[in-house]
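Trainee: Generate coordinates for the sequence data below:
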Amino acid sequence: MRSKLRFGTTLGGVCLTVCLFSASATRLAAAGAAPEDAAEEGFVPLFDGKTMTGWEGDFELWRVHDAMIVGDSGAGIKRNEFLATKKEFADFELRLEFRLRDGEGNSGVQFRSKRVEGSSEVSGYQADIGEKYWGCLYDESRRNKILVQAPLELEKSLEKGGWNKYVIRAEGTHITLALNGVKTVDYDERDPAIDRAGIIALQIHAGGPLRVEFRNLRIRELTPK
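Mentor: Residues are numbered from 1 along each chain as shown. Below you'll find the predicted structure:
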């Protein structure tokens, strides 16, 4: 009889533990919570936090500091400059954080882009960063225009002088951008001549002094549709 009681007590304890765990998981699911590692499944670092391995550009303007990629134009530059990946990407989701000093100046993240021969320029899509352009989709050195203007409500979620989170997704002809959780772009490319693969590049815009920092760059390549 004692043996049965011990077994029953143990079994009851296991049941209680399982039930509590299940209830906790249910509450997390109801709250929309998900383990961070699950949310990041399939993502790999695009920047190792220590070196410029896998990147190319003018290393007098770009450097690594405190696990960040830092772009600093000093007193200013006369032409746009870019730090670019050596690898090209087609369909992917890119996640990163950026900070623009005092929220001033202009930068951006190029994707599905190409170096322009004989120039410092890069041609292709840009997830824009900077006053009047936050969250916009711009076509750099190609159509030279804003393809999609970000919504006005984005202003409420911006940390102009602090860290912001960008999510850039390109899948087939479909492109979406989200800044601090606000979807700013939902765009479908209708021109079949536009490249669907290319480099990813970070921009220092021409003009006065500018400092921009990037960190936690990671990417998940997607199966082409």
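
Trainee: so who does residue 140 touch?
Mentor: 108, 110, 113, 121-126, 203 (Cβ atoms under 8 Å, 6 or more residues apart in numbering). (Each C-beta comes from the backbone N, C-alpha and C, glycine too.)

Trainee: cool, residue 198 as well?
Mentor: 88-89, 110-114, 124.

Trainee: Now these in TSV, please, with extra columns for pLDDT.
Mentor: Listed next are the contacts of residue 198 as TSV, based on pLDDT from 0 to 100:
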residue	pLDDT
88	98
89	98
110	98
111	98
112	98
113	98
114	98
124	98
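
Trainee: Which one of these is nearest to residue 50?
Mentor: For those, the minimum distance to residue 50 (Cβ to Cβ) is 21.8 Å, reached by residue 89.

Trainee: Tell me how far that closest one lies from residue 221.
Mentor: Computed with Cβ to Cβ, to the nearest Å, the distance linking residue 89 and residue 221 is 7 Å.

Trainee: mind pulling up the phi and psi values for the closest residue to residue 150 other than its chain neighbours?
Mentor: Spatial nearest neighbour of residue 150, excluding adjacent residues (Cβ to Cβ, 6 or more residues apart in numbering): residue 135 at 3.4 Å. Here is the backbone geometry of residue 135 (degrees, to the nearest 10): phi 80, psi 0.

Trainee: who touches residue 135 in this structure?
Mentor: Contacts of residue 135 (Cβ under 8 Å, 6+ apart): 127-128, 150-151, 154, 177, 179, 182, 184-185.

Trainee: Quick check, pLDDT for it.
Mentor: Listed pLDDT for residue 135 reads 98.

Trainee: do the same with residue 34
Mentor: At residue 34, pLDDT is 45.

Trainee: re earlier: neighbour count for residue 89 and residue 221, which is higher?
Mentor: The neighbour comparison of residue 89 against residue 221 (other Cβ atoms under 10 Å) goes to residue 89, with 19 against 14.

Trainee: Domains in this protein, by residue range?
Mentor: 1-33, 45-221 (automatic domain parsing).

Trainee: Can you tell me which of the ones you listed is most buried?
Mentor: Among the domains of the chain, domain 45-221 has the highest mean neighbour count (mean count of other Cβ atoms under 10 Å), at a mean of 17.

Trainee: which element follows the helix or strand of the chain with the lowest mean pLDDT toward the C-terminus?
Mentor: For the chain, the helix or strand with the lowest mean confidence is helix 2-30, at a mean of 43 (criterion: mean pLDDT, DSSP states H and E). Counting by DSSP states H and E, the element after helix 2-30 in chain order, helix or strand, is helix 36-39.

Trainee: For that next one, buried residues please.
Mentor: For helix 36-39, a neighbour-count test (16 or more other Cβ atoms under 10 Å) marks nothing as buried.

Trainee: what helices or strands is the very next helix or strand once past it leaning on?
Mentor: Elements were assigned by DSSP H and E; along the chain past helix 36-39, the next helix or strand is strand 44-45. For strand 44-45, the elements it packs on are strand 211-221, judged by 3 or more Cβ pairs under 8 Å, 6 or more residues apart in numbering; DSSP states H and E.
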